[in-house]
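>>> sequence-free structure coming up:
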C-alpha cells in the first residue's frame, strides 16, 4: 500500500515539477529529509526517488520559459570553495578505505547541488514559502508524529529518527531545533486560522519531541533557542510570565528517567562513558588535523580504524582535559561535533571555510533583517530572524552531532543567499520578490 | 498504524502544497505578502 502511495506521489511530483522548477526543489528537500522510500516495504524500497527528482528539476529548469539570471553572492563563493576543499581533502585522504571518502564526497556533491538549485529557482515569496513548508512537512511533521507516540505511551517511548538521513536521536533533536523557528515563521505569515492552529500544535509537539529524544544536547539547544527567541521577541514580559508558570509544571510531569538523564549533564565529563567517547573522538580529530593541517584525513576520518588506532595512544594527556586511555577493543567513533568533524575531515583550512560560511550566513541574516525593517517588509524580517535562529540552533546543538554536511543547513544558507540578493534598499526589488 | 496514517497525511499535505504553489493566483495578496 505504501509503495503504491509513493509511486502515485512521484507521478504527481513530476507533473508539478515540470510546471514550476521550484516545486521540484521543494519535493527534493522533502525527499532528502524524509527518505520516504525507507518507509515502504515492497518494490519502492529500492527506488532512487532523490535521483529521479534531481533529474526532473534539472530538465524542468532547462525547459522553463522564464529563466531568471543566476545571482552570485559571497555565500555561493564560500559554499563552492568548501566543496572544492572537500574535493582536495578527498583526493589526499589518508583513510584505509579511500573509496568510502569518495562515496561521502559524492553524497556531499548532491547536497551542494540542492543548494545550487535553490538559489537558481527560488525567486519569489511563494517559492520561498513552498520550500519552508516542505522542510516543515518533513522534519517537523515527523517529530510531531513521534511526540504523539510519546504522549500515548505516557512518556516511556523513546523518540528516534527514521533510517535515511536523520536516524540518530541526537541528529533528530538538532533538526527539530532548526525547524522550530521556521514553524514560527509560517505561523506568522499564514492567515488561514485552521492552518495557524495546526502549526501551533506541530510547534508544541516538536518541543515535546526534543524532550522525548532524551538528547541532552538537544535539550540544551532548545533552552538556548528559547532564550534567543525571547530576546528577538516583541512580547518579552508575556513570554517570561508564561515560562515562569508553565516550566515548573512541565518539569513536574516529565518522566523520572528523563530527569535523571538531564541531571548527568554536570558530571558528564568525568563519569559518562558516552561523553568520554566523544572527547576521545575530538582529540583524535585534532591530532589528525595537526599532522595534516591543510587537508585533514578525509570524510569521517575519526571513524577510520587505521587513524583511530594510530592516534589513540596520544590522547590521554592531549588537550585541556585528561581522559582515560582508549581501550584497544573500542570501535572507532564519529566526531560527534560539527566543528571537529570538519577539522578532522578537511584540516584547519576546511574548518576556516566552514566557520566563514556559518558566520557570513548569520551576518547576512542580520543585514536582511535590517533592510527588511527599513522597507517595512514584516514577513521578510520574520523569515530572516527565523533563519538566524535556526543557524544559532545548529551552531549550538551541532556541538553534539556529526551533521556538518546536513542538507537542511545548506538549504537555509541558500535561502539566506536568495534573500540577500533582493534585500537591497530598492523597494522595487522587494515588490518583485512578493510577486 | 500511526506510521502509515502519518505517511498518508504527509504525502497528502505535500500534494496540496504543490497544487497551491503551482497556481499563479496573486489576487488578494497584500503588501505584507500574506498569501495563505
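Alright, I've got the coordinates. Note that the structure is predicted; figures quoted are calculated from it, not measured. Residues are numbered from 1 along each chain as shown, chains lettered A, B, ... in the order given.
>>> what sits against residue 18?
Because you didn't say which chain, this covers chain A. A:24, A:56, A:59, A:60, A:63 (C-beta atoms under 8 Å, 6 or more residues apart in numbering or on different chains). C-beta coordinates here come from the backbone N, C-alpha and C atoms, glycine included.
>>> was after chain B, sorry
Counting by C-beta under 8 Å, 6+ apart, residue B:18 has contacts A:12, A:13, A:16, A:23, A:26, A:27.
>>> that older thread, can I get the contacts of residue A:18 in CSV including neighbour count, secondary structure and pLDDT?
What follows is these, written out as CSV (neighbours: other C-beta atoms under 10 Å in any protein chain shown; DSSP: H, G, I helix; E, B strand; the rest coil; pLDDT from 0 to 100):
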residue, neighbour count, secondary structure, pLDDT
A:24, 26, helix, 93
A:56, 22, helix, 90
A:59, 15, helix, 91
A:60, 22, helix, 88
A:63, 10, helix, 86
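>>> ok, those residues vs chain B, which is closest?
residue A:24 (9.4 Å; C-beta to the nearest C-beta).
>>> so that closest one touches residue A:53, yeah?
Yes - with contact defined as C-beta atoms under 8 Å, residue A:24 and residue A:53 form a contacting pair (6.0 Å).
>>> what sits in contact with each of these two?
Residues touching both residue A:24 and residue A:53 by C-beta under 8 Å, 6+ apart: A:13, A:17.
>>> tell me which residues touch the closest residue to residue A:353 other than its chain neighbours, please.
Of all residues beyond its chain neighbours, the one nearest residue A:353 is residue A:82 (4.7 Å), with distances taken as C-beta to C-beta, 6 or more residues apart in numbering or on different chains. Counting by C-beta under 8 Å, 6+ apart, residue A:82 makes contact with A:350, A:353, A:354, A:357.
>>> if you set the cut-off to 7 Å instead, what comes out?
Residue A:82 makes contact with A:353, A:354, A:357, according to C-beta atoms under 7 Å, 6 or more residues apart in numbering or on different chains.
>>> show me what the strand or helix carrying the second one packs onto, helices and strands only.
It stands for residue A:354. Take DSSP states H and E as the rule and residue A:354 turns out to sit in helix A:338-374. Applying 3 or more C-beta pairs under 7 Å, 6 or more residues apart in numbering or on different chains; DSSP states H and E, one finds that helix A:338-374 contacts helix A:74-91, helix A:273-291, helix A:378-397, helix A:407-422.
>>> export those helices to CSV and tack on mean pLDDT and distance to residue A:226?
As requested, the helices and strands packed on helix A:338-374 are exported to CSV (pLDDT from 0 to 100; distance: least, C-beta to C-beta, whole Å):
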stretch, mean pLDDT, distance to residue A:226
helix A:74-91, 96, 28
helix A:273-291, 88, 24
helix A:378-397, 92, 10
helix A:407-422, 93, 19
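>>> and residue 16, how many neighbours?
In the absence of a named chain, chain A is used. Residues near residue A:16, counting by other C-beta atoms under 10 Å in any protein chain shown, number 21.
>>> not quite, go with chain B.
12.
>>> just residue A:97 next, same as before
Residue A:97: 13 neighbours (other C-beta under 10 Å).
>>> neighbouring contacts of stretch A:184-203?
Stretch A:184-203 is contacted by residues A:132-133, A:136, A:140-141, A:144, A:180, A:183, A:379, A:382-383, A:386, B:33-34, B:36 when judged by C-beta under 7 Å, 6+ apart.
>>> could you check the pLDDT of residue 34?
Picked chain A for this. If you check residue A:34, the pLDDT there is 87.
>>> hmm, I had chain B in mind actually
pLDDT, residue B:34: 44.
>>> ok, residue A:315 next?
Turning to residue A:315, the model gives it a pLDDT of 83.
>>> on that earlier part again, want to throw the contacts of residue B:18 into TSV with distance to chain B and secondary structure?
Listed next are the contacts of residue B:18 as TSV, based on distance: C-beta to the nearest C-beta, whole Å; DSSP: H, G, I helix; E, B strand; the rest coil:
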residue	distance to chain B	secondary structure
A:12	6	helix
A:13	7	helix
A:16	4	helix
A:23	5	helix
A:26	7	helix
A:27	7	helix
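>>> low-confidence stretches in the stretch 151-300 of chain A?
Low-confidence segments of the stretch 151-300 of chain A (pLDDT under 70): A:163-165, A:243, A:246-254, A:258-273.
>>> now the helices for it?
For the stretch 151-300 of chain A, helices defined by DSSP state H, counting those that start in this stretch occupy the ranges A:169-189, A:193-212, A:216-232, A:236-253, A:256-263, A:268-271, A:273-291.
>>> please identify the most buried of these.
Mean neighbour count (mean count of other C-beta atoms under 10 Å in any protein chain shown) peaks for helix A:169-189 among those, with a mean of 25.
>>> tell me the angle that one makes with helix A:407-422.
Per axes from the mean of the first three to the mean of the last three C-alpha atoms, to 10 degrees, the angle that helix A:169-189 makes with helix A:407-422 is 30 degrees.
>>> still on that earlier bit, for the helix holding residue A:354, which positions count as buried?
Of the residues in helix A:338-374, A:338-351, A:353-354, A:356-358, A:360-365, A:368-369, A:371-372 count as buried by neighbour count, 16 or more other C-beta atoms under 10 Å in any protein chain shown.
>>> and stretch A:293-313, by the same measure?
Judged by neighbour count using 16+ other C-beta under 10 Å, the buried positions of stretch A:293-313 are A:295-304, A:307-308, A:310-312.
>>> how about stretch A:141-161?
A:141-150, A:155, A:157, A:159-161.
>>> closest one of these to chain B?
For the buried residues of stretch A:141-161, the nearest to chain B is residue A:145 (4.3 Å; C-beta to the nearest C-beta).
>>> about what we covered before: which of the contacts of residue B:18 tops the neighbour count?
The most neighbours of any of the contacts of residue B:18, using other C-beta under 10 Å, belong to residue A:26, which has 33 neighbours.
>>> against residue A:393, how distant is it?
Remark: distance between residue A:26 and residue A:393 (C-beta to C-beta, to the nearest Å) = 22 Å.
>>> enumerate the residues of the stretch 51-200 of chain A near chain B.
Neighbours of chain B within the stretch 51-200 of chain A, by C-beta under 7 Å from any C-beta of the partner chain: A:125-126, A:130, A:133-134, A:137, A:141, A:145, A:148-149, A:189-192, A:195.
>>> great, nothing more from me.
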